[in-house]
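S.K.: Quick one, structure for this:
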Amino acid sequence: MEYTDKQLEKKIQEAQKALESWAVSHDLWYDSDFVSYAEHVDGEPGDCSVIFILRSGGDLGRLLDEDYDPKLREQFQAVAEEYGFWFENCDGHSFHFFAETEELQTAYDAYFQWKWVCSLIIEDFGDLYAELYQYFYSRPERLQNLHHREFEVLLYRIFQNLGYEAELGPGIGDGGVDVRLLQRGPLGDTLVYVQAKRYSPSRPIGLEAVAALRGVVANDGADRGMFVTTSRFLPSAQKFANRSSGILELNTSMDVADWCRQAEGGVIRDKSALVSDDHVVSVLRRLEGGSNALVVHAHHGYGTIGNVFALVLKETTHAALLMALPKSIVGQDVHGLEGHEIPILDTRILALKNIDTVFRAKRSVNDRGEISYWDGDHYFTAWDFNSKFYSWLD
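M.R.: Coordinates of the predicted model:
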């Protein structure tokens with residue numbers, strides 16, 4: 001059975017409503033709510049995606065964590081199973097729900113991968129996430145499910161990765177030009193206007209729209225025009241483009257998929273190759289000059305307390321490259337199970353710059369102007385330059 005996005009969303013809503021009603025009827029819903037994995041973690045869904053999460057700091061969480069009333073817990077579990085879900089205890093107050101059948105879980109895996117890819121369609125993410133292009137190369141039919149602005153931004157990022165100098169239009173009032181491309185060459189520069197239409201296959205592009213692009217190209221003195229759509233072109237539009245002496249180029253989803261294949265191949269998987277040793281040294285020197293925000297810290301561990309330190313190598317509005325830093329213990333107990341540690345911040349870290357230590361992260365700024373980074377596992381904030389406590393005692 002194939003599920004639509006709306007059917008999958010409806011199943012979640014119905015299950016959550018039934019589980020909440022059961023908990024309310026047993027006076028257990030206090031301090032509880034449901035969130036999506038993206039809202040709770042903001043990370044890649046991966047295989048066997050978490051479909052939704054129950055958070056509870058009250059009696060419901062205690063029931064599911066401590067199992068103090070097995071019969072009551074079985075009732076809650078039966079409600080979940082009635083709607084096709086099962087759950088596991090994540091950390092005592094967060095409970096992850098999955099589909100009972102492989103068929104339904106596979107459908108949700110595809111659905112949440114789609115949602116994740118859509119979250120990557122941001123102007124400055126394309127050079128870090130190869131998944132963005134890989135997804136649409138394998139599933140070009142999904143292009144028509146994008147918002148029209150997402151489609152424009154995706155094309156902008158694709159062309160940048162294909163070597164063009166690209167400028168994204170405002171989205172409205174753009175005069176019929178969604179993306180401007182400049183291709184530099186030894187015989188002169190080529191200016192290309194791109195018009196994007198994210199239409200369904202039942203809404204083909206006709207002669208009038210293609211002729212309008214030709215007019216804008218001529219009026220502005222651009223060299224070529226590209227019309228890109230998720231639909232198709234009527235024969236009249238195709239004939240008009242064929243008579244334009246190469247000035248007009250008409251492209252569909254299959255062309256976009258091929259561009260994605262080329263762009264995906266251009267995204268470097270070893271992120272450490274994006275940063276030279278000289279750049280790392282320059283970041284260390286900026287640290288010596290007082291740029292404290294370049295070192296970030298995160299806690300990790302369940303039941304234990306661990307620390308992760310990282311160096312901010314590069315960042316844009318929404319994305320960043322971080323490098324994990326080795327640690328130095330500055331004090332510990334006689335057994336070495338508890339103590340304090342700080343990151344190593346000298347040229348010794350150059351030997352550790354590799355595919356495993358340099359990683360991508362999402363960058364966010366809150367209302368107070370504080371910057372944080374999330375890599376899918378750790379929530380990093382600026383290090384205060386004080387040693388951090390660790391404990392391996394559970």
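S.K.: drop to CA atoms for contacts and neighbour counts, all remaining ones
M.R.: OK.
S.K.: which stretches of the stretch 51-200 of the chain aren't confidently modelled?
M.R.: Residue ranges of the stretch 51-200 of the chain with pLDDT under 70: 120-130, 174, 185-188.
S.K.: ranges for the helices of it?
M.R.: 59-66, 70-82, 102-119, 131-138, 148-161 (DSSP state H, counting those that start in this stretch).
S.K.: which helices and strands sit right next to the last one?
M.R.: It stands for helix 148-161. Applying 3 or more Cα pairs under 8 Å, 6 or more residues apart in numbering; DSSP states H and E, we find helix 148-161 packed against strand 165-168, strand 179-183, strand 190-197, helix 253-266.
S.K.: Please identify the most buried of these.
M.R.: Counting by mean count of other Cα atoms under 10 Å, strand 190-197 has the highest mean neighbour count of these, with a mean of 22.
S.K.: Show me what that strand pairs with in its sheet, parallel or antiparallel.
M.R.: Using DSSP bridges, the strands paired with strand 190-197 are strand 179-183 (antiparallel), strand 224-229 (parallel).
S.K.: Including distance to Ala107, could the ones you listed go into TSV?
M.R.: As requested, the strands paired with strand 190-197 are exported to TSV (distance: least, Cα to Cα, whole Å):
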stretch	distance to Ala107
strand 179-183	34
strand 224-229	27
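S.K.: now Thr316: how far from Ile158?
M.R.: Thr316 sits at a distance of 18 Å from Ile158 (criterion: Cα to Cα, to the nearest Å).
S.K.: out of those two, which sits in the more crowded spot?
M.R.: It is Ile158, of Thr316 and Ile158, that has more neighbours when counted by other Cα atoms under 10 Å, with 24 against 12.
S.K.: How about the more buried one, nearest residue that isn't a chain neighbour?
M.R.: Spatial nearest neighbour of Ile158, excluding adjacent residues (Cα to Cα, 6 or more residues apart in numbering): Ala263 at 6.0 Å.
S.K.: Just confirm the one you found contacts Asn161, I think it does.
M.R.: Yes. If you go by Cα atoms under 8 Å, Ala263 and Asn161 touch, sitting 5.4 Å apart.
S.K.: for the longest strand along the chain, the distance to its chain's centre please.
M.R.: Counting residues, the longest strand found in the chain (DSSP state E) is strand 306-315. In terms of Cα atoms, centre = their mean, to the nearest Å, the centre of strand 306-315 is found 19 Å from the chain centre.
S.K.: Over to stretch 66-86?
M.R.: Distance, stretch centre to chain centre, for stretch 66-86: 33 Å (Cα atoms, centre = their mean).
S.K.: Quick one: the helices and strands packed on helix 148-161 as CSV, columns for distance to Gly58 too.
M.R.: Converted to CSV, the helices and strands packed on helix 148-161 look like this (distance: least, Cα to Cα, whole Å):
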stretch, distance to Gly58
strand 165-168, 48
strand 179-183, 52
strand 190-197, 50
helix 253-266, 46
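S.K.: picking that back up, out of the helices of the stretch 51-200 of the chain, which comes closest to Ser36?
M.R.: Nearest to Ser36, of all the helices of the stretch 51-200 of the chain, is helix 102-119, at 10.0 Å by Cα to Cα.
S.K.: Report the separation between the residue lying closest to Tyr3 once chain neighbours are set aside and Lys388.
M.R.: Of all residues not flanking Tyr3 in the chain, Ala107 sits nearest, at 6.7 Å (Cα to Cα, 6+ apart). Distance of Ala107 to Lys388, given as Cα to Cα: 43 Å.
S.K.: check which helix or strand covers Ala15.
M.R.: Using DSSP states H and E, Ala15 maps to helix 5-25.
S.K.: Just the buried residues of that helix, please?
M.R.: By 16 or more other Cα atoms under 10 Å, the buried positions in helix 5-25 come out as Ile12, Ala15, Gln16, Ala18, Leu19, Glu20, Trp22, Ala23.
S.K.: Isn't the fifth one up against Ala78?
M.R.: This points to Leu19. No. The criterion here is Cα under 8 Å, and Leu19 misses it with Ala78 at 9.8 Å.
S.K.: Are we agreed that Arg360 is in a helix?
M.R.: No. Read with DSSP: H, G, I helix; E, B strand; the rest coil, Arg360 is strand and lies in no helix.
S.K.: Quick one: neighbours of the nearest residue to it once chain neighbours are set aside, just the number.
M.R.: Once flanking residues are discounted, Arg360 sits nearest to Leu321: 4.7 Å by Cα to Cα, 6+ apart. Leu321 is flanked by 24 other residues according to other Cα under 10 Å.
S.K.: and the angle from the stretch of helix or strand Leu321 belongs to to strand 306-315?
M.R.: Following DSSP H and E, one finds Leu321 within strand 319-324. Interaxial angle of strand 319-324 relative to strand 306-315 (axes from the mean of the first three to the mean of the last three Cα atoms, to 10 degrees): 130 degrees.
S.K.: Contacts for strand 319-324 next, please.
M.R.: Strand 319-324 has contacts (Cα atoms under 8 Å, 6 or more residues apart in numbering) with 124-125, 271, 308-315, 353, 357-363, 373.
S.K.: again, but for stretch 70-81
M.R.: Ala15, Ala18, Leu19, Trp22, Ala23, Leu63, Leu64, Asp67, Trp86, Phe87, Glu100.
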